[in-house]
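**Student:** generate a structure from the sequence data that follows.
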Amino acid sequence: MENIKNFFEFEVNEEYNQVRLDKFISSQIDEATRSYIEKLIDENYVLLNSKVCNKNGKKIKVGDKILVNIPEDEDVDILPENIELKIVFENDDFILINKKYDMVVHPAYGNYTGTLVNALMYYTENLSSVNGKIRPGIVHRLDKDTSGLILVAKNNNSHAKLATMFVDKTIHKTYLCIVKGNFSSENLQGRIENLIGRDVKDRKKMAIVEKNGKIAISNYKVIQQVEGYSLVEVAIETGRTHQIRVHMKSINHPILGDTVYGSADKNAKRQMLHAYKLDFKNPIDNKEYNFTAPLFDDFIDIAKKLKFDIEDYKK
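**Tutor:** Purely as a prediction, here's the structure:
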């Protein structure tokens, strides 16, 4: 098989026994649309126990081994879309956006519309080309249901400098989240440091691992507590996939609304996690920048319902 740029391997556990093949793969690959998965299966890119399987509805069983080949990107045009953007700041080098929840940052795996990139392409023609036409301007990303600050590079020079700052940890990011449970008086702040890697049982999840992971560091501080819930600021020193969600789960305080690392809750339809603050010294103009992003209405409504005082975070 030619033109394969990536592949995923899975072994089916008891949770997915007798589940449809297309449904299983969709649950395992981030940001893949169901139609894209169906296309991969139809076009013989999926192997079940080393044999091509082109039946979307094939029921899988415990112990089955599945190989999903990802072909090179189709020659698709990513089209500008008139989607509202919350611009926090902009200059000749970068745009800082308060990303809405329920928005994917960039197109991937057949999902070519409704993303932040589509909105950016409508807003401006000045985006860096370092990451190609699929991810123009994108220096870092946020999960689909995480809202808040995201930096976008407007040219290749600024992209290189901003990317280096993320690697060197000279961009400081602080998140606000609502978590389940209350903290004891001796644990109102703390540092979580460990290795994070793919969960061997579920590739769509990340997990704390003993080897084959990357160092992940989060510093948390409890701001307020109400019965059964806590409002927490988390300053991260690293930016691993799902880092805060995994770390808060690891101390038995999963983020409210996070059904992947916690459980469903009637109070929230998405994870209550917001990239609230961004601080850095810009190497291009040598100026200090300090930004905050107001919370979106759904976060505010839930916080008020739970009786948190969040006036300072609405500005």
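**Student:** which outside residues touch stretch 157-166?
**Tutor:** Stretch 157-166 is contacted by residues 93-94, 128, 130, 137, 139-140, 151, 153, 171, 239, 280, 283-284 when judged by C-beta atoms under 8 Å, 6 or more residues apart in numbering. C-beta coordinates here come from the backbone N, C-alpha and C atoms, glycine included.
**Student:** need the worst-confidence member of those residues.
**Tutor:** The lowest pLDDT within the contacts of stretch 157-166 belongs to P283, with 80.
**Student:** the spatially closest residue to D64 that is not a sequence neighbour - how many residues pack around it?
**Tutor:** In space, and not counting its chain neighbours, D64 is closest to V12: 4.4 Å by C-beta to C-beta, 6 or more residues apart in numbering. Counted by other C-beta atoms under 10 Å, the residues lying close to V12 total 19.
**Student:** only alpha carbons, please: show the lengthiest strand in the chain as PDB.
**Tutor:** As assigned by DSSP state E, the longest strand anywhere in the chain is strand 214-226. Extracted in PDB, the C-alpha atoms of strand 214-226 (Å, rounded to 0.1, in the frame of the first residue of the first chain):
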ATOM      1  CA  LYS A 214       7.000  12.800  28.300                       C
ATOM      2  CA  ILE A 215       7.600  14.800  31.400                       C
ATOM      3  CA  ALA A 216       4.500  16.800  32.400                       C
ATOM      4  CA  ILE A 217       4.400  19.500  35.100                       C
ATOM      5  CA  SER A 218       1.300  21.400  36.400                       C
ATOM      6  CA  ASN A 219       1.100  23.700  39.400                       C
ATOM      7  CA  TYR A 220      -2.400  24.100  40.800                       C
ATOM      8  CA  LYS A 221      -3.900  26.600  43.300                       C
ATOM      9  CA  VAL A 222      -7.400  26.300  44.700                       C
ATOM     10  CA  ILE A 223      -9.200  29.700  44.400                       C
ATOM     11  CA  GLN A 224     -12.600  28.900  45.900                       C
ATOM     12  CA  GLN A 225     -14.600  25.900  47.200                       C
ATOM     13  CA  VAL A 226     -18.300  25.200  47.400                       C
END
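**Student:** immediately after that strand, which helix or strand?
**Tutor:** Next along the chain after strand 214-226, taking DSSP states H and E as the criterion, comes strand 229-236.
**Student:** partners of that next one, with directions?
**Tutor:** Its sheet considered, strand 229-236 pairs with strand 171-180 (antiparallel), strand 214-226 (antiparallel) by DSSP bridges.
**Student:** the contacts of stretch 157-166, buried ones only, as a ChimeraX selection?
**Tutor:** Only the buried entries of the contacts of stretch 157-166 go into this ChimeraX selection, using 16 or more other C-beta atoms under 10 Å:
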select :93,94,128,130,137,139,151,153,171,239,280
